[in-house]
Every structure is written in C-alpha cells, then in structure tokens.
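1. Mind looking at a prediction? Sequence and model below.
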Amino acid sequence: MSVEFLWHERPKPARGPKPTLTLDQIADAAIAIADAEGLAAVSMQRVAADLGYTKMSLYRYLPGKAEMVAAMLERGIGDPPDLSQRPWREALTEWAQTLLGRYFGHAWALEASTGTRAIGPVELSWLESALKVLPEGLTGGERMDAIATIAGHVRAIAGQKGGEQMMTEAMTLVLREHADRFPAIAAAVADPGTPDQAFTFGLERILDGLEVLLGRRV
C-alpha cells in the first residue's frame, strides 16, 4: 500500500488530459456511500459511477481501494481541536470528546482505522496534538501508551453507540424473572445513577490514574 499520495500532492501531468477531479472530491463521494450503506459498499467502481466517471479514471488519482479508504479517513475524521493554552486534563478531555463525535458522525471510521493501513498527516496530527499537552514526568513509551489508552476508550464507546441502552433494556426484561440468580446485576440495574455516563466516567478514571502516577514522580 502506497502512502505517498497522502503526503505529497501529485504532480500535474505534462501531457495528456488535465485532471478533472480532486482527491477530496473522490473521498467525499466515498464517504457519502459509507455513511449511507457502510464501508463494504465502497468500491472504486461504485465511487466512479457516483462521480460520473469510469473506474479506470480513478486510478489517475490513487492506487486502489485501500488508499481510497485511507483518504476517506483523513477527510472524514478531520483535524484535531486546538488544545493550546489548556490544562492537560481539560485538553485531553476535549480531544477525546471531539474524536468520539467524529466517530459518531462516521461509523465506518472505526473499521477503517484498524489493521495495517496507510497513515496520513491528519491522523498523525491527532496523536501529535495529544502528546503535546501531556505534562512532563512520563517516558516516551508511557506517553504513547497513555494516548493509546484514551483512544481505545473512545473507540470502545463509539463501537457501542445505541447498543448499551438496548443491552440494559434486555437485561431489565430478563431480570424480572431471574433477578435472584444475578443479584449483583439486579442491584446495579436498579440503581443506575446518571445513565449513559460510561464515556465520561471511564475517561475521568484514566486521567485520574495519570494524575496519580505523575504525582508520585514529582
């Protein structure tokens, strides 16, 4: 898989027909398909047809579907928020909230951002922005692990969108007759507190842990 097309603008051909499409136009067409029908529905042929071009014409702009998905991810997730001049906890909270919102906006992005793939400058800018706001006191590996943990929490919550409420409803229904077999679950379901707080609760505990670790090293 080539990644150069994400990092360098392709030179205009000296001969032959001039390009009539842009990589952003191709990515936007692919995103529209994925938003409506899922990532599996995206193909070079389908995107070309939606744009009014032939499949072969798209190969003038990118090598293949894998690269097109990488371009979709760069375009769909977009730039990270400006975290400058913010306390580190506040900055990382905004970082995580913004990333979650982007995943909610493009459910296919979870699948697109796993496995071996091309990584572009936009995706790396998210990591760069988060690492910059972490305070001193962590090794390089720990800093990377801290952001990976936060990102993993974001992805876990994004992957559960809509499912958590359905799971609670299903358990409530079952527990009407079987609460005596699962007393701990029954007690937890009966006392939910503020619902739908898994994202905030988990993120705050991760940041609490980092704060404790940093405090020990002062």
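-> Looks like it came in fine.

2. which stretches of the chain have low pLDDT?
-> 1-3, 9-19, 162-169, 171, 192-196 (pLDDT under 70).

3. any chance you could map the strands in it?
-> Remark: strands of the chain are absent; assignment by DSSP state E.

4. Quick check: phi and psi on S43?
-> phi -150, psi 160 (degrees, to the nearest 10).

5. Number of residues surrounding it?
-> Neighbour count of S43, defined by other Cβ atoms under 10 Å: 14. Every residue, glycine included, has its C-beta placed from N, CA and C.

6. Distance-wise, check the residue nearest to it when sequence neighbours are not counted relative to R117.
-> Among residues not flanking S43 along the chain, K65 sits closest, at 6.4 Å (Cβ to Cβ, 6 or more residues apart in numbering). For K65, the distance to R117 equals 11 Å [Cβ to Cβ, to the nearest Å].

7. which residues does the most centrally placed residue in the chain contact?
-> Among the residues of the chain, the one closest to the centroid is Y103, at 4.8 Å (Cα atoms, centre = their mean). Residues near Y103 by Cβ atoms under 8 Å, 6 or more residues apart in numbering: A109, L110, V154, R155, A158.

8. now T149
-> Per Cβ under 8 Å, 6+ apart, neighbours of T149: I206.

9. circling back: which residues sit in contact with the residue nearest to S43?
-> V42, S43, M44.

10. And those residues, which is closest to L210?
-> Nearest to L210 among the contacts of K65: V42, at 37.4 Å, using Cβ to Cβ.

11. I'd like to know how many residues surround that closest one.
-> V42: 21 surrounding residues under other Cβ under 10 Å.

12. That one and D50, how far apart?
-> For V42 relative to D50 (Cβ to Cβ), the value is 10 Å.

13. any common contacting residues for the two?
-> Contacts common to V42 and D50, judged by Cβ under 8 Å, 6+ apart, are I33.

14. among the contacts of Y103, which two are most distant?
-> Using Cβ to Cβ, these span at most 11.2 Å, a distance reached by A109 and V154.

15. residues contacting V218?
-> Contacts of V218 by Cβ under 8 Å, 6+ apart are G137.

16. hmm, back to that, ok, of the contacts of K65, which one's closest to F199?
-> V42 (28.0 Å).

17. Distance of that closest one relative to E111?
-> For V42, the distance to E111 - Cβ to Cβ - is 11 Å.

18. what's the burial count for G38?
-> Around G38 there are 12 residues (other Cβ under 10 Å).

19. wait, doesn't it sit right on W108?
-> Yes - under the criterion of Cβ atoms under 8 Å, G38 is in contact with W108, at a separation of 6.1 Å.

20. Tally up the residues packed near the nearest residue to D35 once chain neighbours are set aside, please.
-> Excluding the flanking residues, the one nearest D35 by Cβ to Cβ, 6+ apart is H106, at 6.3 Å. Look at H106: counted by other Cβ under 10 Å, it has 20 neighbours.

21. how about H106, what does it touch?
-> Residues in contact with H106 (Cβ under 8 Å, 6+ apart) are I31, A34, D35, G76, I77.

22. Could you rerun that using 7 Å?
-> I31, D35, G76 (Cβ atoms under 7 Å, 6 or more residues apart in numbering).
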